[in-house]
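S.K.: Just the structure for this:
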Amino acid sequence: MGSFDLKTSGRTAGTALVNWWRAVSIEALCVAVMWLIGLWLLHVPLFAVWALLGGLMTFIPNFGGVIALIGPVFCILVTGKDLERLGFVLGLYAVIVVVDQLLLQPALMKRSARVPIWASIFAPIVLGIIIPFWGVLLAPPLLAVVYAFRKPKPKQQPQALPPLR
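M.R.: Model (predicted):
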């Protein structure tokens, strides 16, 4: 068993957190673009502002999407009793959440932080049950750090065949 090296461990954890931050930033950009296109097509007032806020709220796991929804819904309710458009905004939110949580986030975490897709889906759920509020918020960066410290399994070298006589 090797000795603990604080400098190397700190570098490993720091690199993992930077990789996680990059993944979340790319995810936020994609979510903002989805909000921008959807709200623009639905003619929601201030659609660019709500899209920017929707992208920024991606940095708040699980709760950010709901916070991002408040602005467009409020705008539609204030500008008129257009319940059909309100329904479309709620549907847009559902599509963005599904694409983000089940496709985008797991794929980006796997690519940048080498976190398996199954872990990035189930860890927030499990940690959310164990530590209700903080578990959900801390699960993604914790996963990135944990998987950074996992040592890859050594590949077995094929055995050389004995020489022919």
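S.K.: Low-confidence stretches in the chain?
M.R.: 1-4, 151-165 (pLDDT under 70).
S.K.: can you give me the helices for it?
M.R.: 6-41, 47-56, 64-79, 83-98, 105-113, 117-130, 132-149 (DSSP state H).
S.K.: would you list these in CSV and tack on mean neighbour count?
M.R.: Every residue, glycine included, has its C-beta placed from N, CA and C. Shown next, in CSV, are the helices of the chain (neighbours: other CB atoms under 10 Å):
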stretch, mean neighbour count
helix 6-41, 16
helix 47-56, 20
helix 64-79, 17
helix 83-98, 15
helix 105-113, 20
helix 117-130, 15
helix 132-149, 17
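S.K.: What's the separation between the residue at minimal distance from the centre of the chain and residue 124?
M.R.: Note on the chain: the residue nearest the mean C-alpha position is residue 105, at 3.6 Å, using CA atoms, centre = their mean. Separation of residue 105 from residue 124 (CB to CB, to the nearest Å): 10 Å.
S.K.: hey, what's in contact with both of the two?
M.R.: Jointly contacting residue 105 and residue 124 under the rule CB atoms under 8 Å, 6 or more residues apart in numbering are residue 140.
S.K.: and the residue nearest to the centre of the chain, how far is that from residue 134?
M.R.: Separation of residue 105 from residue 134 (CB to CB): 19 Å.
S.K.: again with residue 72
M.R.: Residue 72 is 29 Å from residue 134, by CB to CB.
S.K.: same check, this time on residue 32
M.R.: 26 Å.
S.K.: do you know how far the nearest residue to residue 116 once chain neighbours are set aside is from residue 91?
M.R.: Spatial nearest neighbour of residue 116, chain neighbours left out: residue 110 (6.4 Å); criterion: CB to CB, 6 or more residues apart in numbering. Distance, residue 110 to residue 91, using CB to CB: 28 Å.
S.K.: Repeat that for residue 146.
M.R.: 36 Å.
S.K.: tell me the contacts of the nearest residue to residue 124 once chain neighbours are set aside?
M.R.: Nearest residue to residue 124 in three dimensions, chain neighbours excluded: residue 139, at 4.0 Å (CB to CB, 6+ apart). Contacts for residue 139 (CB under 8 Å, 6+ apart) come out as 61, 123, 124, 127, 128.
S.K.: got CSV for the residues you listed, with distance to residue 81 too?
M.R.: Listed next are those as CSV, based on distance: CB to CB, whole Å:
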residue, distance to residue 81
61, 34
123, 42
124, 37
127, 42
128, 37
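S.K.: which of those residues lies closest to residue 95?
M.R.: Of all the contacts of residue 139, residue 61 has the smallest distance to residue 95: 18.5 Å, by CB to CB.
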